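Chemist: have a look; sequence and predicted model below, questions after that.
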2 protein chains.
Amino acid sequence: MTSLMMTPAERAQMAMMLEVCAFPKPGNVDRCHDYADTRLEHFLASAIFARPALEEAVTGKGRIGEIIGHAVRQTNVHNGGNTHFGAFILLIPLVYGGGIDGAIKAVAKTDVSDAVAFYKAFGLTSVRMNESDELDVNDPKALDELRDRNMTLLDVMQHSAPNDMVAREWVNGFILTRRGADLLHQIGPGREAIVEMFLTLLATEPDTFIIKKHGRDVAVQTMEKAREVLEGRRVLETFDAECIDTGINPGSIADITIAAIFIALGEGWEWDS
Amino acid sequence: MTSLMMTPAERAQMAMMLEVCAFPKPGNVDRCHDYADTRLEHFLASAIFARPALEEAVTGKGRIGEIIGHAVRQTNVHNGGNTHFGAFILLIPLVYGGGIDGAIKAVAKTDVSDAVAFYKAFGLTSVRMNESDELDVNDPKALDELRDRNMTLLDVMQHSAPNDMVAREWVNGFILTRRGADLLHQIGPGREAIVEMFLTLLATEPDTFIIKKHGRDVAVQTMEKAREVLEGRRVLETFDAECIDTGINPGSIADITIAAIFIALGEGWEWDS
């Protein structure tokens, strides 16, 4: 079939599956690499278990913060830890809105109840925060703070945007998601295109997950190395091994890659060639 | 979570996912090996796309032949060819009946309409038949023949049982499915157990898919080599490479492996350790 025959929930599940299988993806879990605590099967299990939340999002009804929470709860059922929290922050509004335009409208309609539901789901994960963050999800006062300030979930993303490229997608109109999908169309069909798209984003954007974990210098060095791979001056497999050995995993660009595959599939990009 | 918290449809999808990821599985597509036309992603896509047919089976209503047909149609939508036809022959009655006892009752209730629906689905696949088979699915007269003889789908499986170990499961009470699940419980939790269970079945049962493709001698040699691997007298990875190079893929034992994982998960066997 063409990709256009999939349901939106299937497209989202396929995006999650195709992203984690694509290899070599420097530093991330892929077909060839596991981390000790998070393995390929954990990512694929999450893709299977997320189905009800994705189908809930397809209806375009209900509250986005709640649905993200459902996706996190439905997939937080194995020992692999957080696999797709960032991906759901992007996929749920994209599925809910039926694409980027609809997602922009949907996130604009979030309110404080979405923010509260999101923070409760966030508390289930071990997602890395900045130590200086005043809205620390581990702080029980954070929920009161959200309510006192009447912050919407879009406000929360605005608050996180400087330090989090996934949150930034909500406030800039999903520009990297759009760029990733455009790259897939340009590069062409098949799984190799996913690796090239991932590397291209990695070469041009500092991954904020790497920044939070290792600091900005490491993220910038990773960009430079990705650029060298694209220019044929560095071996992809060596770069991958180096990232794995040092725990440099571009997790936020992986999240955006999933969102980009979802969009591209809906526009007829063919995964299967 | 424990495996017991999954829905039956999720357990079936997880069984399909865990089987294809387990490695090294001599001769079959796994995490480390693709065939030219059928890749890991095709198997995982089928696990995603089969969800509606699996949920239909969970209801325990409707006709098994039709539901197998739906599973084949829903997954026959990529370029990877037949990935799970044999697996659905086992999974659909097992899901429908809520386990082996229920599946035995369910297959006993099949009628000629199930047989006709099954043959129509069979016609969509490129599953290997014996050349001498009088009920050749490619022969348009086969459906008339089924109706004239008033054959139930269980009769069809009885007819195929001498040459097909998957069909044989229907008529012998799913004994290899049961044995595979018992092996998983004995071996213990985790993905390595799947490889050991697969190898144990391979060492003790001639795979009928290999027999149809390469003849009985090759199937028996494959059994002997699997036995040598289990006894530490042959290197698993070398055996795997040899099978891949010569196109020896134990596809029927892979189908039974999926059914066995499904049963074991329902009995609390833990995939995630």
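Modeler: Yep, it's here. Residues are numbered from 1 along each chain as shown, chains lettered A, B, ... in the order given.
Chemist: contacts and neighbour counts: CA atoms only from here.
Modeler: Fine.
Chemist: now do the contacts for A:Met223.
Modeler: Contacts for A:Met223 (C-alpha atoms under 8 Å, 6 or more residues apart in numbering or on different chains) come out as A:202-206.
Chemist: to clarify, my last question referred to A:Gly266.
Modeler: A:3-4, A:8, A:11.
Chemist: can you list those in TSV and add pLDDT and distance to B:Leu154?
Modeler: Shown next, in TSV, are the contacts of A:Gly266 (pLDDT from 0 to 100; distance: C-alpha to C-alpha, whole Å):
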residue	pLDDT	distance to B:Leu154
A:Ser3	72	36
A:Leu4	72	37
A:Pro8	97	37
A:Arg11	98	36
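Chemist: mind checking which of the residues you listed land in helices?
Modeler: Under the assignment DSSP state H, the contacts of A:Gly266 contribute A:8, A:11 to helices.
Chemist: export the contacts of A:Gly266 to JSON lines and tack on neighbour count and distance to chain B?
Modeler: Formatted as JSON lines, the contacts of A:Gly266 follow (neighbours: other C-alpha atoms under 10 Å in any protein chain shown; distance: C-alpha to the nearest C-alpha, whole Å):
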{"residue": "A:Ser3", "neighbour count": "20", "distance to chain B": "9"}
{"residue": "A:Leu4", "neighbour count": "15", "distance to chain B": "11"}
{"residue": "A:Pro8", "neighbour count": "23", "distance to chain B": "12"}
{"residue": "A:Arg11", "neighbour count": "23", "distance to chain B": "10"}
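Chemist: widest-spaced pair of the contacts of A:Gly266?
Modeler: Greatest spatial distance among these (C-alpha to C-alpha): A:Ser3 and A:Pro8, at 10.2 Å.
Chemist: closest one of the contacts of A:Met223 to A:Asn172?
Modeler: A:Glu205 (14.7 Å).
Chemist: torsion angles phi and psi at the closest one?
Modeler: Note on A:Glu205: its backbone torsions stand at phi -130, psi 130 [degrees, to the nearest 10].
Chemist: cool, A:Ala161 as well?
Modeler: The phi/psi pair for A:Ala161 (degrees, to the nearest 10) is phi -60, psi -40.
Chemist: what's the answer for A:His33, then?
Modeler: Backbone torsions of A:His33, given as degrees, to the nearest 10, read phi -140, psi 140.
Chemist: repeat for A:Thr110
Modeler: Main-chain dihedrals, A:Thr110, degrees, to the nearest 10: phi -70, psi 150.
Chemist: same check on A:Gly180?
Modeler: Phi and psi for A:Gly180, reported as degrees, to the nearest 10, are phi -60, psi -40.
Chemist: which ChimeraX command selects the buried ones in the contacts of A:Met223?
Modeler: Applied in ChimeraX, the following selects the buried portion of these according to 16 or more other C-alpha atoms under 10 Å in any protein chain shown:
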select /A:202,203,206
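Chemist: going by distance to chain B, which of the contacts of A:Met223 wins?
Modeler: A:Leu202 (23.7 Å; C-alpha to the nearest C-alpha).
Chemist: please name the residues that touch the closest one.
Modeler: Contact partners of A:Leu202, counting by C-alpha under 8 Å, 6+ apart, are A:222-223, A:226-227, A:250, A:253.
Chemist: burial measure for A:Asp144, as a count.
Modeler: Counted with other C-alpha atoms under 10 Å in any protein chain shown, the neighbours of A:Asp144 add up to 12.
Chemist: host element of it?
Modeler: With elements taken from DSSP states H and E, the one containing A:Asp144 is helix A:141-149.
Chemist: orientation of the helix or strand following that helix relative to helix A:141-149 in degrees?
Modeler: Tracing the chain past helix A:141-149, the next element assigned as helix or strand by DSSP H and E is helix A:153-160. Angle between the axes of helix A:153-160 and helix A:141-149 is 120 degrees (criterion: axes from the mean of the first three to the mean of the last three C-alpha atoms, to 10 degrees).
Chemist: not counting sequence-adjacent ones, nearest residue to A:Leu44?
Modeler: If the residues on either side of it in the chain are set aside, A:Leu44 comes closest to A:Met17, at 6.1 Å by C-alpha to C-alpha, 6 or more residues apart in numbering or on different chains.
Chemist: and A:Pro206, by the same measure?
Modeler: Nearest non-adjacent residue to A:Pro206, counting by C-alpha to C-alpha, 6+ apart: A:Ala219, 5.4 Å away.
Chemist: so what does A:Asp30 look like in phi/psi?
Modeler: Taking degrees, to the nearest 10, you get phi -150, psi -170 for the backbone angles of A:Asp30.
Chemist: what pairs with it across the strands?
Modeler: Beta-bridge partners of A:Asp30, counted by DSSP bridges, are A:His33.
Chemist: re earlier: which pair of the contacts of A:Met223 spans the longest distance?
Modeler: Greatest spacing in these, by C-alpha to C-alpha: A:Ala203 and A:Pro206 (7.9 Å).
Chemist: mutual contacts of these two, please.
Modeler: Between them, A:Ala203 and A:Pro206 share these contacting residues under C-alpha under 8 Å, 6+ apart: A:222-223.
Chemist: re earlier: from the contacts of A:Met223, which is closest to A:Arg149?
Modeler: Distances from A:Arg149 to the contacts of A:Met223, taken as C-alpha to C-alpha, are shortest for A:Pro206 (30.8 Å).
Chemist: for stretch A:108-116, list the C-alpha coordinates in PDB.
Modeler: Coordinates of each C-alpha in stretch A:108-116 appear next as PDB, following Å, rounded to 0.1, in the frame of the first residue of the first chain:
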ATOM      1  CA  ALA A 108      -3.200  27.400  21.300                       C
ATOM      2  CA  LYS A 109      -6.300  26.100  22.900                       C
ATOM      3  CA  THR A 110      -4.600  24.400  25.900                       C
ATOM      4  CA  ASP A 111      -5.400  25.700  29.400                       C
ATOM      5  CA  VAL A 112      -4.200  25.200  32.900                       C
ATOM      6  CA  SER A 113      -5.900  21.800  33.200                       C
ATOM      7  CA  ASP A 114      -3.700  20.600  30.300                       C
ATOM      8  CA  ALA A 115      -0.600  22.000  32.100                       C
ATOM      9  CA  VAL A 116      -1.600  20.200  35.300                       C
END
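Chemist: now do the buried residues in that stretch.
Modeler: For stretch A:108-116, the neighbour count (16+ other C-alpha under 10 Å) marks A:110-116 as buried.
Chemist: can you give me the neighbour number for the residue in the stretch 51-200 of chain A positioned nearest to chain B?
Modeler: Nearest to chain B, among the residues of the stretch 51-200 of chain A, is A:Val77, at 4.7 Å (C-alpha to the nearest C-alpha). When neighbours are defined as other C-alpha under 10 Å, A:Val77 has 19 of them.
Chemist: got phi/psi on it?
Modeler: The phi/psi pair for A:Val77 (degrees, to the nearest 10) reads phi -130, psi 10.
Chemist: buried ones in the helix holding A:Asp144, by neighbour count?
Modeler: Neighbour counts over helix A:141-149 (16+ other C-alpha under 10 Å) mark A:142-143, A:146 as buried.
Chemist: and these as CSV, adding pLDDT?
Modeler: Below are the buried residues of helix A:141-149 laid out as CSV (pLDDT from 0 to 100):
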residue, pLDDT
A:Ala142, 82
A:Leu143, 84
A:Leu146, 89
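Chemist: so which of those residues reach chain B?
Modeler: Applying C-alpha under 8 Å from any C-alpha of the partner chain to these, one finds that nothing falls near chain B.
Chemist: kindly check the end-to-end length of stretch A:244-260 for me.
Modeler: With C-alpha to C-alpha, to the nearest Å as the measure, stretch A:244-260 spans 24 Å from end to end.
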